[in-house]
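[1] quick one, structure for this:
(chains A and B)
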Amino acid sequence: DGGITQSPKYLFRKEGQNVTLSCEQNLNHDAMYWYRQDPGQGLRLIYYSQIVNDFQKGDIAEGYSVSREKKESFPLTVTSAQKNPTAFYLCASSIDRGAGGPYNEQFFGPGTRLTVL
Amino acid sequence: AQSVTQPDIHITVSEGASLELRCNYSYGATPYLFWYVQSPGQGLQLLLKYFSGDTLVQGIKGFEAEFKRSQSSFNLRKPSVHWSDAAEYFCAVGNMNTGFQKLVFGTGTRLLVSP
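    Predicted coordinates for the structure are as follows:
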């Protein structure tokens, strides 16, 4: 079955710690995305990547970092610089042909809930 | 900049009754519009999408949505709600002018289904 997996499902972090959230896809999609979801605020884009070894900041990138060393993987690190990291984090992917191509839907993983203790 | 407004935070519908969830968007060009559904603690699942053509689009689980350019709306409808439809629903607009396929989401509407 093709899809997106995120791990862990629940993650607890102490103040001042960095934590890394995993996202893997076997859909052969070029583009991958990280969103943060807070109650009443919908989804906000943290980072996105259109190809391997390239990624761009989204709307709320401060305190986060990513890497894209493989097409299938797009891990997100929540650093100690993120002042309010408790949230639900969603990873997504799409066949992204960029601005010149047709629009393609984004497929979402099951999410990781991060709680700061 | 594009934006999406979902004016209803919560809606309660009796099982078997009809449903309409409102979505208004702000976008300068022809929009790409989506409705996603999210069950508690889960990811988002695409219900339907509008890119062009027929303004009434059919989706999964018996949902449909109508694109009305004059009203900048893309409301989601279902003729008869089932208890399993209780979830949060997100409307989103796609923008290709940013150089990548960016999605902007509304804040969501939580649907409660009463017996």
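[2] secondary structure element for A:Leu90?
    Assessed by DSSP states H and E, A:Leu90 sits inside strand A:87-94.
[3] now that strand: buried residues?
    When neighbours are counted by 16 or more other C-beta atoms under 10 Å in any protein chain shown, the buried residues of strand A:87-94 are found to be A:87-94. Every residue, glycine included, has its C-beta placed from N, CA and C.
[4] the residues you listed also near chain B: which ones?
    A:90, A:92, A:94 (C-beta under 8 Å from any C-beta of the partner chain).
[5] for the second one, list each beta-bridge partner.
    With DSSP bridges applied, the residues forming beta bridges to A:Ala92 are A:Tyr33, A:Phe108.
[6] residues touching it, list them.
    Counting by C-beta atoms under 8 Å, 6 or more residues apart in numbering or on different chains, A:Ala92 touches A:4, A:32-35, A:106-109, B:44.
[7] out of the buried residues of strand A:87-94, who's nearest A:Val52?
    Each of the buried residues of strand A:87-94 was scored against A:Val52 by C-beta to C-beta, and A:Ser93 proved nearest at 12.8 Å.
[8] hmm, back to that, farthest-apart pair in the contacts of A:Ala92, please.
    Within these, A:Met32 and B:Leu44 form the most distant pair, 14.8 Å apart (C-beta to C-beta).
[9] contact partners of stretch B:87-95?
    Around stretch B:87-95, the neighbours that count as contacts under C-beta under 8 Å, 6+ apart are A:42-43, A:103, B:2-4, B:6, B:21, B:23, B:25, B:27, B:31-40, B:44, B:47, B:74, B:76, B:101-106, B:108-111.
[10] out of those residues, which end up buried?
    A:42-43, A:103, B:2, B:4, B:6, B:21, B:23, B:25, B:27, B:31-38, B:44, B:47, B:74, B:76, B:101-106, B:108-111.
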